[in-house]
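**Q** sharing a model prediction with you, sequence too.
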2 protein chains.
Amino acid sequence: MQLDNASLEQLREWESQLATQYQAILAQKLNLDLTRGKPSAEQLSLSDALDGILAGNYTAADGTDTRNYGGLDGLPEAKQLGANIMDVDAGNVLVGGNSSLTLMFQVMLAAYQFGLKDAASAWKHEGEVKFICPVPGYDRHYTVCEQLGIKMITVPMTSTGPDMDAVEALVKSDTSIKGMWCVPKYSNPTGVVYSDETVERIAKLGLLASANFRVFWDNAYSVHDLIDNAPKLANILEATRRHGTEDSVVQFASTSKITHAGSGVAFVAASAANLAGIKKFLNTCTIGPDKVNQIRHTRFLPSKEALTAHMTKHAALLNPRFEAVLSALSKAFDGTDLGAWEKPVGGYFVSFDTRRGCAKETVRLAAEAGVKLTPAGATYPYGKDPEDRNIRIAPSVPTVPEVIGAMEVFVTCVKLASVRNAITQQA
Amino acid sequence: MQLDNASLEQLREWESQLATQYQAILAQKLNLDLTRGKPSAEQLSLSDALDGILAGNYTAADGTDTRNYGGLDGLPEAKQLGANIMDVDAGNVLVGGNSSLTLMFQVMLAAYQFGLKDAASAWKHEGEVKFICPVPGYDRHYTVCEQLGIKMITVPMTSTGPDMDAVEALVKSDTSIKGMWCVPKYSNPTGVVYSDETVERIAKLGLLASANFRVFWDNAYSVHDLIDNAPKLANILEATRRHGTEDSVVQFASTSKITHAGSGVAFVAASAANLAGIKKFLNTCTIGPDKVNQIRHTRFLPSKEALTAHMTKHAALLNPRFEAVLSALSKAFDGTDLGAWEKPVGGYFVSFDTRRGCAKETVRLAAEAGVKLTPAGATYPYGKDPEDRNIRIAPSVPTVPEVIGAMEVFVTCVKLASVRNAITQQA
């Protein structure tokens, strides 16, 4: 199916066929859900040994009684777990509570309101503050900026990461730009891994940017590979050390999609100066994180090898679901001009770009047919996809047959919306 | 010993005797610590059944899979646990993470920066913002205000709670006063329980105060009784309902001194309007709290009766320590003019007021003799006790013989500092 050169007559014929198919789907009264980027119950069960794993031994390796107060930056062995996940030194890690989003909010708040370096370094003193957001991206990142009144400037995501020409041009020309959101590996939602060149150029942004510039490096899917020889993300901390820009990047990760999603352990990795600023802020709003949960996690994932072995089990559950999505897309749209998508080998999402102006209608048609999709636009700041093209597909929760069924609906809805849109264009 | 009418000769004789006693103590090279308001290892062990309590059943009463994301305001049964602790309806409770201090910070931040009601209600729009702090009080409360740039105005604590004449006068005369810190039961550090009249008058502050006034009611010790027929705190939520001031109070509590101090569950209790504002803010900085830890706690403390029975075990461990402190103070200072103190029947502290200008010197003398005390001044905003009188004693961690030993040092140091101070006054 190629819409660009199709005659109006041809389009009307397709529309009629697709409308019939769609009616048949409606009759099935489906109830399927591709919205939620969360682990399935089967995946969660992989970590059920967490409860009870302490067997009465609540003492950390350094003798800390994990049950009591204190330890603002986390247990040494929990820092090592974070280091294993983020591929950094344990000395660069701070361990938080159950939510890396909370840590991101806290670091953004500290940078904006109180200053990570000192009070004078707070972004709020500089009038309007802007953040670069590669699009499509993660809605919860946008919410943090919106809450703090930070204006979001979009740049396009490519198959190698953010469009770095655009990023560098912005950073050089506008001193009110104070940072950028990144999901560098299996980017949410496109699933691409930033190339070595992209990482290198991001590490050098600190040389171009105005003072107190901070890249928020949300490495949420660092060990979430679906294949054995997964692409390796270049080490941003090492790159910034080489360029003397170590303070310009703050990294985040968590065990949320490794163990139990809601009750994991979150991490920050950063330079000594950034860690000092973060700790100073955290000291005003907590006595310390849940160290018992930290030690549960370190007993459950005591080494890099244990972590890798555990993630392989996740991959075995996720793989058929991703295959179901990708083969449905290939079968329906290879060689057509109806859409474009990446083929992620990790993470939680497949991102599909429809023809211009077709995403909302596709989501609407799918919803009417009983297949819930993330609202079109959710992957853009302020919920506004200017070309109305991007749709995020999250296949982890439904069963494989459910994913297959949902994708049959999805491709039909994409086609129907596209053909109808093309008819409107010609009419 | 009465210093006020003692002759200089008498004072010098006492000084000489006390200095000899103090030298004997120095020779013992003690190493004791009365600083930390945290549970002892024995107390923590009372809750060691928490790990493993789920026995593979991670499902909440309403069918929620606690292992996954979501549930911003907590599980229904966890709300009931909070309701049991705070003596409110479960419908007024929101359940957070492991730290009530974090919740207090978040609510204060939301009220100051973003508005609990709407953006226009944010305190920051009103220029200078002030908070009433009854003194002595809890240093971490002060830190929250200081971080946000909220000016602290002190009022004296009495044996029935804050001096309400002073509080009402401030609230009526100064519209920049936006709230007050309260630890209403076993107040930190004096250990008093607010009287029914005090609670009633606090509930009516909302009728006198400027818009968006909020009392932060930190009910940290609500079930932390040392005796069977413990004083009952009047119900502030019911009182505010009677007066139509329900939005003027936000309550906080946690299981931190009930189960494991660092890995418990924290709660907010508030009006529907306040809860809506708090949830709106929390939604920008977390996907949700640790529900697995919530369900662990509800299985461990499934009813009010279970909670009371559990707290009786804590009381059995804490009682001899408090008795050691109070009997040492009675023996040394009853009938003297060397100090004043309350006799708490719950909580974690005994607060001792020396004669004017003697607290710092007492703490210094004790430290030299190997007995660590909380720095004098820590119980006042900005660390400044204007009369240099208050010292917080925290006896929960040391053993009973250690508390007895530390108190022997303490009373000697109080006497020595007092007598030397009196000599200076006369000289």
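**A** Structure's in. What do you need? Numbering: from 1, shown residues only, chains lettered A, B, ... in the order given.
**Q** and the gap between residue A:147 and residue B:115?
**A** 12 Å (C-beta to C-beta, to the nearest Å). The C-beta positions use only the backbone N, C-alpha and C, and glycine is treated the same way.
**Q** what does residue A:145 give?
**A** Between residue A:145 and residue B:115 the computed distance is 18 Å (C-beta to C-beta).
**Q** try residue A:65
**A** In terms of C-beta to C-beta, residue A:65 sits 41 Å off from residue B:115.
**Q** ok, and the closest non-adjacent residue to the residue in the stretch 51-200 of chain A that chain B sits nearest to?
**A** Using C-beta to the nearest C-beta, residue A:52 is the residue of the stretch 51-200 of chain A that sits closest to chain B, at 3.2 Å. Once flanking residues are discounted, residue A:52 sits nearest to residue B:52: 3.2 Å by C-beta to C-beta, 6 or more residues apart in numbering or on different chains.
**Q** does that neighbour touch residue A:51 like I think?
**A** Yes: when contacts are counted by C-beta atoms under 8 Å, residue B:52 is listed as touching residue A:51 (6.0 Å).
**Q** neighbour count winner among the two?
**A** Using other C-beta atoms under 10 Å in any protein chain shown, the more surrounded residue of residue B:52 and residue A:51 is residue A:51, with 24 against 15.
**Q** wait, what's in contact with that one?
**A** A:296, B:51, B:52, B:53, B:54, B:55, B:56, B:58, B:292, B:296 (C-beta atoms under 8 Å, 6 or more residues apart in numbering or on different chains).
**Q** those residues in helices, which ones?
**A** A:296, B:292, B:296 (DSSP state H).
**Q** thought the last one was touching residue B:50?
**A** Right, the one you point to is residue B:296. Yes: here residue B:296 reaches residue B:50: they are 5.1 Å apart, a contact under C-beta under 8 Å.
**Q** between these two, which one's more packed in?
**A** A count of neighbours by other C-beta under 10 Å puts residue B:296 above the other of residue B:296 and residue B:50, at 29 against 23.
**Q** burial of residue A:17, as a residue count?
**A** By other C-beta under 10 Å, neighbour count at residue A:17 equals 13.
**Q** just to be sure, it is in a strand?
**A** No: using DSSP: H, G, I helix; E, B strand; the rest coil, the assignment for residue A:17 is helix, not a strand.
**Q** can you list the buried residues in stretch A:221-234?
**A** For stretch A:221-234, a neighbour-count test (16 or more other C-beta atoms under 10 Å in any protein chain shown) marks A:221, A:222, A:223, A:224, A:225, A:226, A:230, A:233, A:234 as buried.
**Q** ok, the first one - contacts?
**A** By that I understand residue A:221. Contacts of residue A:221 (C-beta under 8 Å, 6+ apart): A:183, A:185, A:186, A:188, A:257, A:346, A:347, A:348.
**Q** apply 10 Å and report the result again.
**A** By C-beta atoms under 10 Å, 6 or more residues apart in numbering or on different chains, the contact list for residue A:221 reads A:183-188, A:191, A:193, A:233, A:253, A:257, A:344, A:346-349.
**Q** between those, which is nearest residue B:427?
**A** Distance to residue B:427, by C-beta to C-beta, is smallest for residue A:253 among the contacts of residue A:221, at 64.4 Å.
**Q** wasn't the closest one part of a helix?
**A** No: going by three-state DSSP, the assignment for residue A:253 is strand, not a helix.
**Q** and the gap between it and chain B?
**A** Separation of residue A:253 from chain B (C-beta to the nearest C-beta, to the nearest Å) stands at 15 Å.
**Q** hmm, that residue is touching residue A:266, no?
**A** Yes: contact criterion C-beta atoms under 10 Å: residue A:253 and residue A:266 qualify, at 7.3 Å.
**Q** spit out the residues that contact those two alike.
**A** Common contact partners of residue A:253 and residue A:266 (C-beta under 10 Å, 6+ apart): A:82, A:100, A:103.
**Q** how many neighbours does residue A:349 have?
**A** Using other C-beta under 10 Å, residue A:349 is surrounded by 27 other residues.
**Q** could I get the phi/psi values of it?
**A** The phi and psi values for residue A:349, taken as degrees, to the nearest 10, are phi -140, psi 150.
**Q** show me the contacts for it.
**A** Applying C-beta under 10 Å, 6+ apart, the residues near residue A:349 are A:34, A:37, A:136, A:138, A:186-191, A:221, A:322, A:325, A:342, A:374, A:379, A:392-396.
**Q** PyMOL command to pick out the buried ones of those residues?
**A** Under the burial definition 16+ other C-beta under 10 Å, those of these that qualify are selected in PyMOL by:
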select buried, chain A and resi 34+37+136+138+186+187+188+189+190+191+221+322+325+342+374+379+392+393+394+395+396
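**Q** now, which of the contacts of residue A:349 lie within helices?
**A** Checking the contacts of residue A:349 against DSSP H, those in helices are A:322, A:325.
**Q** before we move on, back to that, so for the residue nearest to residue A:52, what's the pLDDT?
**A** Reading off the confidence values, residue B:52 has pLDDT 96.
**Q** quick check: it touching residue A:58?
**A** No: contact between residue B:52 and residue A:58 fails when scored by C-beta under 10 Å: they sit 11.7 Å apart.
**Q** name the single longest strand found in chain A.
**A** In chain A, assigned by DSSP state E, the strand with the most residues is strand A:151-158.
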